[in-house]
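Trainee: Next input, structure requested:
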Amino acid sequence: MKQEFGLALAPKQMLQPGIARKVTIHLNEDTAAKQGFLYCEIIAFLRTRGVAGATLIRPDAGFGSQHRLHWKDLGPAAGEHMPVRIEFIEAPETVARLMPELCDLLSDWLIEAHDTTVYKAAAMREAPV
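Mentor: Numbers count the residues shown, from 1 in each chain. You can find the predicted model right below:
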């Protein structure tokens, strides 16, 4: 396995056209993990497990199960407990393999998964150094 920033990286895998699973993880930006923030731990987890790619999305507003509305730029507590989403698309068998350990990382947040179809997956070749 390749090493980068002290993390052991699984071999890069290209997502293949066909049936896939889209996974969305909903949590708060400031949720703590063993070291740092949970969203960082999840991104590192997915990367070291060879997931083809993942995206962190930071919305401007949102609320969770307690129905407290949080806005990025409004009020005295602006920016506190802001929602974030992590999304990735992978082969169904890869998602099934990752899901138990991924669920163990989260205690009180939401993970959803949907079937989807990948029609084309292409990656640019790395530019020569």
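Trainee: Show me what counts as buried in the lengthiest strand in the chain.
Mentor: In the chain, ranked by residue count with DSSP state E as the criterion, the top strand is strand 18-28. Across strand 18-28, burial judged by 16 or more other Cβ atoms under 10 Å covers 20-21, 23, 25-28. In short, each C-beta sits where N, CA and C put it, glycine included.
Trainee: Tabulate the CA atom coordinates of that strand in PDB.
Mentor: The C-alpha coordinates for strand 18-28 follow below in PDB (Å, rounded to 0.1, in the frame of the first residue of the first chain):
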ATOM      1  CA  GLY A  18     -23.000  -0.300 -14.200                       C
ATOM      2  CA  ILE A  19     -25.000  -0.700 -11.000                       C
ATOM      3  CA  ALA A  20     -23.500   1.200  -8.000                       C
ATOM      4  CA  ARG A  21     -24.500   2.500  -4.600                       C
ATOM      5  CA  LYS A  22     -24.500   6.200  -3.700                       C
ATOM      6  CA  VAL A  23     -23.900   6.700   0.000                       C
ATOM      7  CA  THR A  24     -24.700  10.000   1.800                       C
ATOM      8  CA  ILE A  25     -23.500  10.700   5.400                       C
ATOM      9  CA  HIS A  26     -25.200  13.500   7.300                       C
ATOM     10  CA  LEU A  27     -23.500  15.000  10.300                       C
ATOM     11  CA  ASN A  28     -22.400  18.200  12.000                       C
END
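Trainee: Can you tell me what sits against it?
Mentor: 38-39, 42, 64, 81-92, 95, 102, 106, 109-118 (Cβ atoms under 8 Å, 6 or more residues apart in numbering).
Trainee: Parallel or antiparallel, list what pairs with that strand.
Mentor: Partners of strand 18-28 in the sheet, by DSSP bridges, are strand 83-90 (antiparallel), strand 110-118 (antiparallel).
Trainee: Just the CA atoms of the longest one, as CSV, please.
Mentor: Listed next in CSV are the C-alpha coordinates belonging to strand 110-118 (Å, rounded to 0.1, in the frame of the first residue of the first chain):
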residue,chain,number,x,y,z
LEU,A,110,-27.6,9.5,9.5
ILE,A,111,-26.2,7.3,6.7
GLU,A,112,-28.3,6.7,3.6
ALA,A,113,-27.6,4.6,0.5
HIS,A,114,-29.4,4.5,-2.9
ASP,A,115,-29.0,2.3,-5.9
THR,A,116,-27.7,4.2,-8.9
THR,A,117,-26.3,3.6,-12.3
VAL,A,118,-22.8,4.8,-13.5
